[in-house]
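Colleague: Here's my sequence, what's the structure:
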Amino acid sequence: MFFGEYTYKVDEKGRVPIPSKFRREMREKIILSRGPDKCITVYPISELNKLSETLASRAIGKTASRTLNRAIFGSAFDASFDKQGRVVLPTVLREFADIKDEITIVGVNNTVEMWNTALWKEEQQKANEQYSQIIESLEV
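Modeller: Prediction:
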């Protein structure tokens, strides 16, 4: 389980450190892909495998299924940690998420998200405004 948020600087080579507690859970290799909300989603291999199995079981003929597969897997990149615990963020993903010099890394249960810090603050504001309504709508 991943939780918490961490803000870092992206270096001139597009590298960013991953919190050590996240790295322990991710092991050595991860997959970076476009997230649904203008962020980069970081998948541990085990979680991407689960997602892949779920999506493979969906009807291939459905447009939404094909579109989702393209969005996740078509924009995916292998990544591994260097000796300092950093990963290189591919330019195409940095551009998609509007990540330039500062990044906020957020634990989101079974995945991790990487956000432009200003966009993350906006996302938090929206979540704070909707929090109680969302909880009330859940059948828990």
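Colleague: buried ones in stretch 17-30?
Modeller: The neighbour-count check on stretch 17-30 (16 or more other CB atoms under 10 Å) flags 17-19, 22-23, 26, 30 as buried. Placement of C-beta: from N, CA and C, glycine included.
Colleague: Which elements pack onto the longest helix along the chain?
Modeller: Looking across the chain with DSSP state H, the single longest helix is helix 117-137. Here helix 117-137 touches strand 102-109, going by 3 or more CB pairs under 8 Å, 6 or more residues apart in numbering; DSSP states H and E.
Colleague: Show the model's pLDDT score for the spatially most central residue of the chain.
Modeller: Among the residues of the chain, the one closest to the centroid is T41, at 1.5 Å (CA atoms, centre = their mean). The model reports T41 with a pLDDT of 96.
Colleague: Ok, S46 next?
Modeller: Residue-level pLDDT assigned to S46 equals 87.
Colleague: Now secondary structure and pLDDT too, for the buried residues of stretch 17-30, in CSV please.
Modeller: Formatted as CSV, the buried residues of stretch 17-30 follow (DSSP: H, G, I helix; E, B strand; the rest coil; pLDDT from 0 to 100):
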residue, secondary structure, pLDDT
P17, strand, 96
I18, coil, 94
P19, coil, 94
F22, helix, 94
R23, helix, 91
M26, helix, 87
I30, strand, 93
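Colleague: and of those residues, the nearest to I72?
Modeller: Proximity of these to I72 (CB to CB) peaks at I30, which lies at 14.0 Å.
Colleague: ok now do the closest residue to P44 other than its chain neighbours, which residues does it touch?
Modeller: Counting by CB to CB, 6 or more residues apart in numbering, P44 lies nearest to M26, which is 4.7 Å off, once chain neighbours are set aside. Going by CB atoms under 8 Å, 6 or more residues apart in numbering, M26 touches 18, 42, 44, 112.
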